[in-house]
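Enquirer: can you look at this prediction? I've put the sequence above it.
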Amino acid sequence: MRKIPMIIDTDPGIDDAMMLTLAFASEVSDVRLVTTCSGNISQDKTNYNARTFLSYIGADVEIARGLDQPIFRELEVAEDVHGESGFANVAFPEPTLPVSDRPAITAMLETILASEEKMTIVATGPLTNVAALLLAHPEVKPKIECISWMGGAAVGGNMSPNAEFNAYVDPHAAEIVLRSGVRIVMSGLDVTHKAYVTLEEAHLILDMGTDFSDKVYKMLTFYLHIAEQTPFYESHFAEVLRFHDLCAVMYVLKPELFIGEDYYVQVEMEGRLTAGATVVDYTRRSGQTPNVHVLYSVNREGFVSEFMNAVEFIGERIRVK
């Protein structure tokens, strides 16, 4: 069975943890490096969370610390969505996996250049680290199969009327990556809002009866408290629980579950009302060659089945460890 060599750049974060669950449960993924970015929470917290979560699920992988701040903007975090710790009200044991001696950009560079196969980068936070890599070391571009990014939106946003959070936090990085010439797959809000678990399905996770499934259930249902406290989120979380970041790795592992199309996409970097907006040329009026594969539909039942299997697999592996 051919495995897919990948680097994961992430800012855990509840849905990032769900993404890591699938990545490390899949038989076809070969995660060679995890790097942490600043986004949902600060770099100190994202790196700690990656190490404690991956230690808990029994992963054996290098975890490298990324950049602390966006390229030109002050960092804005989302502790109101993920909780102060990033993992809602769930605590994991102290990590056994250390912080890598290599900073993220160096680790990404050396991992890509050392690989005999092209590497896939799965990015589920602001693209600060990935942009820095491509700017400093353009020689890696031919060795990247694709960058699968959870970010952006063709229609509407969740951080502003036009901008999705990851694009909003570091729009300059997003623009650098999207115009890099590397194949980009964008899992924006257009598809991630369709990738959800119902409350009934969440209870099936709890019924698995493992310590891990209990923690997953608690993290997912934390979103319900947001809906109760913040009217903005009510339409997003009141009845279903969405898995934004999971889409980026699910596409790499199970592309047949998704429908998308190639479009030319630019990122608004400085607009007073539109900073972070990913402008998708749906009508093809720009005359530019498409640079992004934009996902807009998902087989939700297949998506949920794959995720459920991953939670069950990791839960059993922890239980018998």
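Expert: Yep, it's here. Numbers count the residues shown, from 1 in each chain.
Enquirer: any weak-confidence spans in the stretch 1-150 of the chain?
Expert: 79-80, 82-83 (pLDDT under 70).
Enquirer: neighbours around Arg285, how many?
Expert: If you count neighbours by other CB atoms under 10 Å, Arg285 ends up with 8. C-beta: built from backbone N, CA, C; applies to glycine.
Enquirer: how about the secondary structure of it?
Expert: Taking DSSP: H, G, I helix; E, B strand; the rest coil as the rule, one finds Arg285 in the coil state.
Enquirer: dead centre of this protein: give me the residue that sits there.
Expert: Thr124 (2.1 Å; CA atoms, centre = their mean).
Enquirer: what score does the residue nearest to that residue when sequence neighbours are not counted have for pLDDT?
Expert: In space, Thr124 comes closest to Asp245 once its chain neighbours are excluded; the distance is 3.9 Å by CB to CB, 6 or more residues apart in numbering. The model reports Asp245 with a pLDDT of 95.
Enquirer: quick one: residues contacting Asp245.
Expert: Residues in contact with Asp245 (CB atoms under 8 Å, 6 or more residues apart in numbering) are 10, 13, 15-16, 18-19, 124, 150.
Enquirer: next step: these restricted to helices.
Expert: 15-16, 18-19 (DSSP state H).
Enquirer: who wins for neighbours among those?
Expert: Asp16 (31 neighbours).
Enquirer: can you pull the phi/psi pair for Ile63?
Expert: With angles defined as degrees, to the nearest 10, Ile63 sits at phi -120, psi 110.
Enquirer: just to revisit the earlier point, surely the residue nearest to the centre of the chain meets Met150?
Expert: Yes. Proximity of Thr124 to Met150 meets the contact threshold set by CB atoms under 8 Å, at 4.6 Å.
Enquirer: overlap in contacts, the two.
Expert: 19, 166, 244-245, 248.
Enquirer: pull the most distant pair out of those residues.
Expert: Met19 and Asn166 (12.8 Å; CB to CB).
Enquirer: mutual contacts of those two, please.
Expert: In contact with both Met19 and Asn166: 124, 150, using CB under 8 Å, 6+ apart.
Enquirer: can you give me the helices in this structure?
Expert: Counting by DSSP H, the helices of the chain are 14-25, 43-56, 79-82, 104-114, 128-136, 165-169, 171-178, 189-192, 199-206, 211-229, 231-237, 246-253, 300-319.
Enquirer: figure out which of the ones you listed is closest to Val280.
Expert: helix 189-192 (8.8 Å).
Enquirer: who's in contact with that closest one?
Expert: So helix 189-192 is contacted by 150, 152-158, 164, 242-244, 247, 258, 260, 294-298 (CB under 8 Å, 6+ apart).
Enquirer: just the buried ones from those?
Expert: 150, 152-154, 157-158, 164, 242-244, 247, 258, 260, 294-296, 298 (16 or more other CB atoms under 10 Å).
Enquirer: for Asn166, which non-adjacent residue is spatially closest?
Expert: Per CB to CB, 6+ apart, closest to Asn166 is Gly151, 3.7 Å.
Enquirer: how many neighbours does the one you found have?
Expert: Gly151: 33 neighbours (other CB under 10 Å).
Enquirer: can you give me phi and psi for it?
Expert: phi 180, psi 160.
Enquirer: any idea how far stretch 184-195 is from the middle of the chain?
Expert: 11 Å (CA atoms, centre = their mean, to the nearest Å).
Enquirer: sorry, back to before: tell me the contacts of the residue nearest to the centre of the chain?
Expert: So Thr124 contacts 8-11, 13, 15-16, 19, 149-150, 166, 244-245, 248-249 (CB under 8 Å, 6+ apart).
Enquirer: ditto for Ala131
Expert: Ala131 touches 71, 170, 172-174, 176-177, counting by CB under 8 Å, 6+ apart.
Enquirer: hang on, Asp68 packs against Ser38?
Expert: Yes. Here Asp68 lies in contact with Ser38, judged by CB under 8 Å, at a distance of 5.7 Å.
Enquirer: Thr46 touches Thr35, doesn't it?
Expert: No. With contact defined as CB under 8 Å, Thr46 does not reach Thr35; the gap is 9.8 Å.
Enquirer: tell me which of the two has more neighbours.
Expert: Thr35 (31 against 26).
Enquirer: how far away is that one from Ala153?
Expert: 24 Å (CB to CB, to the nearest Å).
Enquirer: want to throw the contacts of Ala131 into CSV with distance to Glu84 and neighbour count?
Expert: Shown next, in CSV, are the contacts of Ala131 (distance: CB to CB, whole Å; neighbours: other CB atoms under 10 Å):
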residue, distance to Glu84, neighbour count
Ile71, 26, 19
Asp170, 22, 33
His172, 28, 20
Ala173, 25, 30
Ala174, 26, 35
Ile176, 31, 21
Val177, 29, 25
